[in-house]
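>>> okay, here's the prediction I keep looking at, along with the sequence it came from:
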Amino acid sequence: MAQQEHIFGHHAVSSLLQNEAERVYEIYVSKTRHENKRNQDSVNTLVNLARKSGIPVHFCHKKTLDDKSNGQSHQGILARAKPAPIKTEQDLDKIIEETKRKGETITLLLLDGVTDPHNLGACLRTADAAGVNAVAVPKDKSVGLNATVRKVASGAAEVLPLIQVTNLSRTIKSIQEKGVWVIGTAGEAQDDLFEITSNGHIAIVMGAEDKGMRRLTRENCDQLVKLPMLGSVSSLNVSVATGICLFELNRQRRQ
């Protein structure tokens, strides 16, 4: 396992400093001042936050940040940090038990084979906004947490648990035994997302960008739903579809 990782971007670094400052070894900041005053104020705020936590701050050339971020958009700030512990099925069980103990409704997002880090990051950001308790992904044939995911997630990756499971179908069966109703999304489904009743503890399953859910995943879901497509396109980006499903679930619960 890597002994360090680079986390960059205003939101990702801010969330890291506010929630897990103990993981941060040091902060790198570009010497180049931002043309946008708001961006510069954001960087200054993060520098002060790091210093209050006793974290060394280094001012460097922009190229140094470009190299450390592999040429990705770092917004002038980067943290060298200790990798976060990988969360597993046992952590998911604890989250479900703790949520039930509080008398709250469980909402889970299961991603079956999402390999694009931009999509995973967007899904995490949306899931956090929708109040999801945890996101689960398979260990194999799925992207995990990396710098790009954290940047796109805009801070959600530091606060929303991402669970890596060995077997997603087995995980589905396990959470079903705990009273969670599992709804899978599939274009061939008979039920319309907007016409079903989604109350109680719910897990939403989204398939891979190109192939959708795998057969065993689909067969183990309690219910399959589809999004009504009114235009000429046959499918949506997985992060967009995730947002629609999660907020429709929230809408139904509020009613």
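Sure thing, it's come through. Residues are numbered from 1 along each chain as shown.

>>> just checking, residue 26 touches residue 53?
No: with contacts counted by Cβ atoms under 8 Å, residue 26 stays clear of residue 53, the gap being 11.2 Å. (C-beta placed from N, C-alpha, C; glycine too.)

>>> how about the helices in the stretch 151-255 of the chain?
With DSSP state H, counting those that start in this stretch as the definition, the stretch 151-255 of the chain shows helices at residue ranges 168-177, 215-220, 238-254.

>>> got a markdown table for these, with mean pLDDT and distance to residue 12 too?
Listed next are those as a markdown table, based on pLDDT from 0 to 100; distance: least, Cβ to Cβ, whole Å:
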| stretch | mean pLDDT | distance to residue 12 |
| --- | --- | --- |
| helix 168-177 | 97 | 27 |
| helix 215-220 | 94 | 30 |
| helix 238-254 | 93 | 17 |
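
>>> quick one: residue 242 and residue 127 touch, right?
Yes: here residue 242 reaches residue 127: they are 7.1 Å apart, a contact under Cβ under 8 Å.

>>> what touches both of the two?
Common contacts of residue 242 and residue 127 (Cβ atoms under 8 Å, 6 or more residues apart in numbering): residue 109.

>>> buried stuff in the one helix or strand in the chain whose mean pLDDT sits lowest?
Confidence across the helices and strands of the chain bottoms out at helix 37-52, with a mean of 86, counting by mean pLDDT, DSSP states H and E. Of the residues in helix 37-52, 42, 43, 46, 47, 49, 50 count as buried by neighbour count, 16 or more other Cβ atoms under 10 Å.

>>> which strand or helix spans the residue nearest the centre of the chain?
By Cα atoms, centre = their mean, the chain has its centre lying nearest to residue 124, at 2.1 Å. Assessed by DSSP states H and E, residue 124 sits inside helix 117-129.

>>> pull up the pairing partners for the helix or strand that comes right after that helix, direction included.
On the C-terminal side of helix 117-129, the closest following helix or strand by DSSP H and E is strand 134-138. Partners of strand 134-138 in the sheet, by DSSP bridges, are strand 107-112 (parallel), strand 162-165 (parallel).

>>> rebuild the helices of the stretch 151-255 of the chain as JSON lines, extending it with distance to residue 65 and mean neighbour count.
Below are the helices of the stretch 151-255 of the chain laid out as JSON lines (distance: least, Cβ to Cβ, whole Å; neighbours: other Cβ atoms under 10 Å):
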{"stretch": "helix 168-177", "distance to residue 65": "36", "mean neighbour count": "18"}
{"stretch": "helix 215-220", "distance to residue 65": "40", "mean neighbour count": "16"}
{"stretch": "helix 238-254", "distance to residue 65": "26", "mean neighbour count": "18"}
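
>>> of these, which is nearest residue 4?
Among the helices of the stretch 151-255 of the chain, the nearest to residue 4 by Cβ to Cβ is helix 238-254 (28.0 Å).
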